[in-house]
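Undergrad: Got a predicted structure plus its sequence, pasted below:
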Amino acid sequence: MDTRRGEALDRRPRWERPALGALLLGTLVLYVYNLSQSVWANPFYAAAVQAGSHSWKAAFYGGFDFAGGITVDKPPAALWIGDASVRLFGLSSWSLLVPQALLGVATVAVLYAAVRRWYGAPAAFAAGIVLAVTPIAALMFRFNNPDALLTFLMTCGAYATMRAIDSEAVPNRRWPRTALAWMCIVGIILGFAFLTKLLQALLVIPAFAVAYLVAGSTALSRRVLHLLAAAGAMIVAAGWWILTVSLVPAGDRPFVGGSQTNSILELTFGYNGFGRLTGDETGSVHLSTHRSWGDFGLLRMWGPKLGGQIGWFLIAALVALVAGLWATRHAPRTDIARAGYLVWGGWLLVTGVVFSYMQGIFHEYYTIALAPAIAALVGIGAAAAYRHRERRAVRLTVALTIAATAGTSFVFLQRSAYFLPPLRWVVLVGLLVVAVGIFVVPTAGRRPGRVLVALAAVLALAGPVAFVGNTVSSGYMGSIVAAGPMPTKSGPMHTLRTKDRAVKGQLPKHAGGLLFASKPAPELVAYLKQGGEARWLVATVGAQRAAGYQLALDRPVMAIGGFNGSDPYPTVAQFKEYVAHGDIRWFADGPPLGGSAGGGQVGGSRASAIITKWVRDTFTLQFVGGIEIYDLTKPR
């Protein structure tokens with residue numbers, strides 16, 4: 001018998017609406033609390049949004065500066081939300097970051113709807129809570145990186161896939177939501193996800209495609225055609241922008257940041273594509289002689305850098321996936337319970353394996369892409385375990401899972417040894433006692449059983465909630481951010497906590513201009529603003545350094561070499577021509593973006609170094625507000 005949606009799932013318990021409202025309201029408060037302490041958050045993207053609010057051309061291409069010089073090293077979809085907000089409300093921390101918080105609330109709501117549809121309100125509520133208090137999710141939904149929009153769109157794609165799978169069984173006369181229509185919606189959603197962060201958006205495709213092929217209610221030939229239609233919709237949804245950038249002459253658009261050939265295709269498949277997998281990323285900058293992006297391997301998601309970000313419920317999610325697939329092994333092909341495990345489990349496994357073995361640039365905040373899948377599986381598994389609590393094998397599995405969660409929570413908390421030291425022992429001992437109790441008490445419906453279930457939830461959530469509390473009490477700025485307290489033993493940790501006005505960890509001195517945008521002194525801002533109406537008021541090497549000037553001046557600033565200072569923009573000849581025509585007034589010098597302390601540039605253009613030397617040799621140095629400034633209208 002096909003176990004599709006039935007009347008039991010359609011009925012809403014009395015507690016559901018108030019609980020859902022409380023969940024979403026609580027998530028909103030959590031994600032907007034203390035938001036302005038992050039100031040510009042990531043100044044690189046803040047400056048691009050500033051540019052988009054000044055120039056429609058910059059907005060369309062994802063331009064970094066509103067003089068049309070160079071783009072950011074990502075497609076522009078995530079910037080469009082910020083552009084609209086800043087045009088409406090002006091440039092501020094709130095106009096930049098509140099849209100990200102709203103994306104977080106919307107992601108929790110969509111996840112709730114997706115899990116609720118097939119597994120009921122208790123599973124959906126548990127999934128929503130787990131997602132909301134996942135530390136890296138709480139950080140990135142308060143930050144202006146593209147990952148917030150990407151996570152929201154992938155979650156929407158999962159929901160649409162599930163609607164496609166059961167659309168034939170649940171007809172709606174007002175609008176025939178056929179499987180084909182829903183699969184086309186999946187394609188459109190993933191197309192816009194591609195315009196958010198390129199190839200990372202495609203990691204969920206295997207899970208969605210396999211789930212639909214296995215569990216779709218139509219004939220196999222139609223399911224294949226529907227997948228082809230979804231692929232076509234995705235190509236159209238993303239391809240119109242890619243094609244436009246490819247066809248517009250280079251002189252009529254900004255340089256494609258992050259590329260060495262001014263090509264969006266190179267950016268897609270090179271620096272932001274397969275280079276992330278292989279480590280062959282021409283133009284990137286590394287910070288030391290040792291591997292900068294952490295050890296890769298099967299246990300990477302539990303490692304010192306990533307465990308506290310995403311690993312709290314990872315074991316529980318994997319156990320739920322294996323147990324769910326085992327429990328549905330004899331179910332009909334179209335069984336929706338198994339289909340859900342394929343959607344969420346496939347998402348988790350494919351993305352998790354890729355992340356675990358990436359040898360290129362990898363940051364802690366990438367792991368937010370795992371959060372919806374982990375949360376869904378934990379919610380589904382917890383609800384299923386509660387329904388079958390009379391079975392001894394189920395109680396044993398739950399007890400072992402709780403014990404494993406206790407161990408990982410203890411390890412994650414101990415890595416930040418000075419952060420709430422008693423908490424790790426409370427969580428460890430408490431969860432181990434609860435694990436024994438759950439195995440011994442045969443019926444969780446009785447009062448002792450209910451108490452044990454409640455204690456298990458509270459203690460399992462204690463660690464991530466503490467990390468989230470630490471996160472929302474601080475402001476975060478810079479390119480590379482991580483949630484929660486700093487590990488006691490940490491290498492380069494590129495998070496600026498505005499609460500402490502200091503860099504946490506040991507940040508190499510040479511990296512400051514690469515990862516952070518300093519705020520120019522008031523006397524420097526006043527001095528530079530006297531520079532007239534040049535196309536670029538200031539030029540400097542590296543986009544983060546340029547972002548600080550552009551945000552302070554509200555005037556276009558040229559980011560020589562793009563983000564890493566290694567893009568061939570502008571060429572030496574172009575820069576000299578701009579100077580000769582009076583298009584650039586000032587050059588702001590600074591320390592190299594890489595190359596000291598054993599670090600350096602990985603291939604790419606050396607134009608920025610040649611330009612810097614030419615400026616130093618040709619124009620007179622002056623110090624303003626502690627910064628080396630050259631007036632490009634006054635040669636020696």
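TA: Okay, I see it.
Undergrad: Summarise which helices and strands the helix or strand that contains residue 113 is packed against.
TA: Here residue 113 is covered by helix 93-119, with elements defined by DSSP states H and E. If you count contacts as 3 or more Cβ pairs under 8 Å, 6 or more residues apart in numbering; DSSP states H and E, helix 93-119 packs onto helix 7-10, helix 16-32, helix 77-89, helix 121-132, helix 135-140, helix 147-166, helix 336-357, helix 371-387. Just so you know, the C-beta spots here come from the backbone N, C-alpha and C atoms, and that holds for glycine as well.
Undergrad: Which one of these lies nearest to residue 413?
TA: helix 135-140 (11.8 Å; Cβ to Cβ).
Undergrad: Tell me how far that closest one lies from the chain's centre.
TA: Distance, stretch centre to chain centre, for helix 135-140: 9 Å (Cα atoms, centre = their mean, to the nearest Å).
Undergrad: tell me the average confidence for that helix?
TA: Computed over helix 135-140, the mean pLDDT rounds to 98.
Undergrad: for stretch 250-260, same thing?
TA: Averaging pLDDT along stretch 250-260 yields 94.
Undergrad: Show me which residues of that stretch are buried.
TA: Residues of stretch 250-260 classed as buried under the neighbour-count rule (16 or more other Cβ atoms under 10 Å) are 253-260.
Undergrad: swap in stretch 417-431?
TA: Under the neighbour-count criterion of 16+ other Cβ under 10 Å, stretch 417-431 has 419-420, 423-424, 427-428, 430-431 buried.
Undergrad: need those residues in JSON lines with distance to residue 589, secondary structure and pLDDT, can you?
TA: Below are the buried residues of stretch 417-431 laid out as JSON lines (distance: Cβ to Cβ, whole Å; DSSP: H, G, I helix; E, B strand; the rest coil; pLDDT from 0 to 100):
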{"residue": "419", "distance to residue 589": "39", "secondary structure": "coil", "pLDDT": "93"}
{"residue": "420", "distance to residue 589": "44", "secondary structure": "coil", "pLDDT": "93"}
{"residue": "423", "distance to residue 589": "47", "secondary structure": "helix", "pLDDT": "96"}
{"residue": "424", "distance to residue 589": "47", "secondary structure": "helix", "pLDDT": "96"}
{"residue": "427", "distance to residue 589": "50", "secondary structure": "helix", "pLDDT": "97"}
{"residue": "428", "distance to residue 589": "52", "secondary structure": "helix", "pLDDT": "97"}
{"residue": "430", "distance to residue 589": "56", "secondary structure": "helix", "pLDDT": "97"}
{"residue": "431", "distance to residue 589": "55", "secondary structure": "helix", "pLDDT": "97"}
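Undergrad: List just the nearest of the residues you listed to residue 158.
TA: residue 431 (29.6 Å).
Undergrad: Which segments of the protein make up each domain?
TA: Listed by automatic domain parsing, the domain ranges of the chain are 8-280+304-385, 514-635.
Undergrad: quick one, phi/psi of residue 12?
TA: Main-chain torsions, residue 12, degrees, to the nearest 10: phi -110, psi 120.
Undergrad: er, residue 480 I mean
TA: Dihedral pair for residue 480: phi -120, psi 110, per degrees, to the nearest 10.
Undergrad: do residue 360 as well
TA: Backbone torsions of residue 360, given as degrees, to the nearest 10, read phi -100, psi -160.
Undergrad: Surely it touches residue 273?
TA: No. Residue 360 is beyond contact range of residue 273, at 9.7 Å (criterion: Cβ atoms under 8 Å).
Undergrad: How far away from the center of its chain is the helix holding residue 113?
TA: So, by Cα atoms, centre = their mean, the centroid of helix 93-119 is 14 Å from its chain's centroid.
Undergrad: Ok, stretch 144-163 next?
TA: 11 Å.
Undergrad: so for it, what's the average pLDDT?
TA: 97.
Undergrad: and what of stretch 83-97?
TA: 97.
Undergrad: Same check on stretch 339-353?
TA: For stretch 339-353, mean pLDDT rounds to 97.
Undergrad: So what touches it?
TA: Stretch 339-353 has contacts (Cβ atoms under 8 Å, 6 or more residues apart in numbering) with 115, 118-119, 154, 158, 161-162, 165, 203-204, 206-208, 210-211, 214-215, 301, 317-318, 321, 324-325, 328, 369-370, 372-374, 376-377, 380.
Undergrad: Just want the phi and psi numbers for residue 583.
TA: Phi and psi for residue 583, reported as degrees, to the nearest 10, are phi -80, psi -20.
Undergrad: what about residue 203, distance to residue 412?
TA: 25 Å (Cβ to Cβ, to the nearest Å).
Undergrad: right, I mislabeled it, should have said residue 20
TA: Distance of residue 20 to residue 412, computed by Cβ to Cβ: 29 Å.
Undergrad: who has more neighbours, these two?
TA: Using other Cβ atoms under 10 Å, the more surrounded residue of residue 20 and residue 412 is residue 412, with 25 against 20.
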